[in-house]
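**Student:** here is a sequence with its predicted model. Questions after.
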Amino acid sequence: MIPINLPEIGEEEIEAVVKVMRNGSLTNALGAGPMVTKFEKNYAKFMGVKHAVAVNSGTAALHSAVVAAGVKQGDEVILPSFTFVATAEAVVLAGGKPVFTDIDPETFNVSSVEIEKNVTEKTKAILPVDLYGLSADIKPIKKIAANHCLAVIEDAAQAHGATYAGKPVGIFSEAACWSLYASKNITTGEGGIVTTDSDKMAKTLRLIRTHGEKAKYASIMLGHNYRMSEIQAAIGSVQLEKLPAFLAKRRKNAKRLTEILGKTQRLQLPKETKDRRHSWYLYTVRLKDGDQTRRNKILDELKKKGIGAAAYYMHPIHTMPYYREITGERKLPETEKAANQVFSLPIHPDVTEAQIDYIGKSLLALL
């Protein structure tokens, strides 16, 4: 089976972990051990920002950033439903109410036109997602935020290496949240990180990740145990050095697959725009004349052929029982249509050129 994604772990990562274990310092009470500090410094430099705060999951990154942005009980946060559940989870954990908003059918990212329609007196923040590795259209979102005095917290969990207007993704938002889960473009096994140019935001994030402690046993605010371990950071430092090579291979595979699948008119293929460069975390196509039954049949047939295709996300968050109870019935036609038609194909760095050809030709034959 060609998996949809696969962590690229080499001897360098193994040696880095062994070195940490032999040194004996596995973590730090305030989350700022030498390996974590090194990883944060290098990540901030790569992303072109002043601060990076490492935590133990992408969900922890989102929750911390939402709290640091001042979201409290009763506040509303505008976000897409067409994303992984952690995006909404972070809002609810902070006491806020998610306001699910429809997407642009071409990019699958939240629509700035729909965002404007959903702003109310209770709105505190906007939480766009860089879905599949393509940046949300941040400039019009920032304009809306500025007009209404809202924070923009970017869910960049899938966008390591993507750019917007020639700059690294996340640089235009108050904070950007990244996942370092095993399937992502780089990994620490489990892990996450928040990037920001705000000194105040960074200070608050560092308090949140370690029980609100400014010094050991001196808690000054409500916090959590969101520390990243030294082992995770050691892996992350090595992975970050490899990220440009990983991105180049993903881009090469995406280009070749697009050339093959361009022979059919039945698929909407992923595209980059003039101002948005993809990270190619997922290569997601849309069966334009399909429904959920047809799409799922294609997925089943691809899997029989050893191709680990998958649908992200066939159950939008606003349709899930818990969130439907919180927000009530909500109709998001473009979101619901996309959820029934999209599916993703493997293009990670371990996929060979011959496998890309096999994936593309197998799909064309099924269509």
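**Tutor:** Done, it's in.
**Student:** give me the residue at the spatial middle of the protein.
**Tutor:** Per CA atoms, centre = their mean, the C-alpha nearest to the average position across the chain is that of residue 157, at 1.9 Å.
**Student:** and that one, what does it touch?
**Tutor:** 58, 61-62, 84, 86, 129-130, 177-179, 181, 184, 192 (CB atoms under 8 Å, 6 or more residues apart in numbering). Glycine gets a C-beta too; all of them are placed from N, C-alpha and C.
**Student:** tell me where the stretch 101-250 of the chain has strands.
**Tutor:** For the stretch 101-250 of the chain, the strands defined by DSSP state E, counting those that start in this stretch cover 123-126, 151-155, 163-164, 167-168, 175-179, 192-196, 213-215, 218-219.
**Student:** direction included, what does the fourth one pair up with?
**Tutor:** Using DSSP bridges, the strands paired with strand 167-168 are strand 163-164 (antiparallel).
**Student:** quick one: average pLDDT of the partner strand?
**Tutor:** For strand 163-164, the mean per-residue pLDDT is 98.
**Student:** and the pLDDT for residue 3?
**Tutor:** 98.
**Student:** now it. Nearest residue, chain neighbours left out?
**Tutor:** residue 308 (4.5 Å; CB to CB, 6 or more residues apart in numbering).
**Student:** check the burial of that neighbour by counting its neighbours.
**Tutor:** Neighbours of residue 308 under the rule other CB atoms under 10 Å: 17.
**Student:** tell me if I'm right that residue 309 and residue 342 touch.
**Tutor:** No - the criterion here is CB atoms under 8 Å, and residue 309 misses it with residue 342 at 10.7 Å.
**Student:** nearest to residue 259 among the contacts of residue 157?
**Tutor:** Set against residue 259, the nearest of the contacts of residue 157 by CB to CB is residue 130 (24.7 Å).
**Student:** next up, phi/psi of the closest one, please.
**Tutor:** As for residue 130, its main-chain torsions (degrees, to the nearest 10) stand at phi -90, psi 80.
**Student:** any idea how far the nearest residue to it once chain neighbours are set aside lies from residue 266?
**Tutor:** In space, and not counting its chain neighbours, residue 130 is closest to residue 159: 3.8 Å by CB to CB, 6+ apart. From residue 159 over to residue 266 the distance is 28 Å, taken as CB to CB, to the nearest Å.
**Student:** between the two, point out the one with more neighbours.
**Tutor:** When residue 159 and residue 266 are compared for neighbours, residue 159 comes out ahead with 30 against 14, by other CB under 10 Å.
**Student:** for that one, what are its contacts?
**Tutor:** 130, 133-135, 169-170, 178, 279, 281.
**Student:** return the set of buried residues in the longest helix anywhere in the chain.
**Tutor:** Determined from DSSP state H, the single longest helix within the chain is helix 230-261. Within helix 230-261, the residues that count as buried by 16 or more other CB atoms under 10 Å are 230-240, 242-243, 246-247, 249-254, 256-258, 260-261.
**Student:** the contacts of residue 159: which two are farthest apart?
**Tutor:** Going by CB to CB, the pair spanning the contacts of residue 159 furthest: 134 and 178, at 15.2 Å.
**Student:** between the two, which is the more surrounded one?
**Tutor:** residue 178 (31 against 28).
**Student:** for that one, which non-adjacent residue is spatially closest?
**Tutor:** Excluding its sequence neighbours, the residue lying closest to residue 178 (CB to CB, 6+ apart) is residue 193, at 4.8 Å.
**Student:** that neighbour pairs with what?
**Tutor:** residue 54, residue 178.
**Student:** what is the neighbour count of it?
**Tutor:** By other CB under 10 Å, the residues close to residue 193 number 29.
**Student:** what residues are up against it?
**Tutor:** 40, 43, 52-55, 61, 177-178, 180, 228.
**Student:** can you lay out those as TSV showing pLDDT and distance to residue 294?
**Tutor:** TSV is the format used below for the contacts of residue 193 (pLDDT from 0 to 100; distance: CB to CB, whole Å):
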residue	pLDDT	distance to residue 294
40	98	46
43	98	42
52	98	43
53	98	44
54	98	43
55	98	40
61	98	36
177	98	35
178	98	35
180	98	35
228	98	43
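**Student:** which residues of the stretch 51-200 of the chain fall in helices?
**Tutor:** Along the stretch 51-200 of the chain, counting by DSSP state H, counting those that start in this stretch, helices occupy 58-68, 86-93, 112-118, 138-148, 199-208.
**Student:** I'd like to know which of those is closest to residue 103.
**Tutor:** Using CB to CB, the nearest of those to residue 103 is helix 112-118, at 7.8 Å.
**Student:** just checking, what packs against the closest one?
**Tutor:** strand 97-101, helix 138-148 (3 or more CB pairs under 8 Å, 6 or more residues apart in numbering; DSSP states H and E).
**Student:** average model confidence for the last one?
**Tutor:** Across helix 138-148, pLDDT averages out at 98.
**Student:** can you show me the CA trace of that helix as CSV?
**Tutor:** Extracted in CSV, the C-alpha atoms of helix 138-148 (Å, rounded to 0.1, in the frame of the first residue of the first chain):
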residue,chain,number,x,y,z
ILE,A,138,-5.3,36.4,4.4
LYS,A,139,-5.3,40.0,3.1
PRO,A,140,-9.1,40.5,2.8
ILE,A,141,-9.5,38.6,6.1
LYS,A,142,-7.1,41.0,7.8
LYS,A,143,-9.0,43.9,6.3
ILE,A,144,-12.2,42.6,7.8
ALA,A,145,-10.4,42.0,11.1
ALA,A,146,-9.0,45.5,11.2
ASN,A,147,-12.4,47.0,10.4
HIS,A,148,-14.0,45.2,13.4
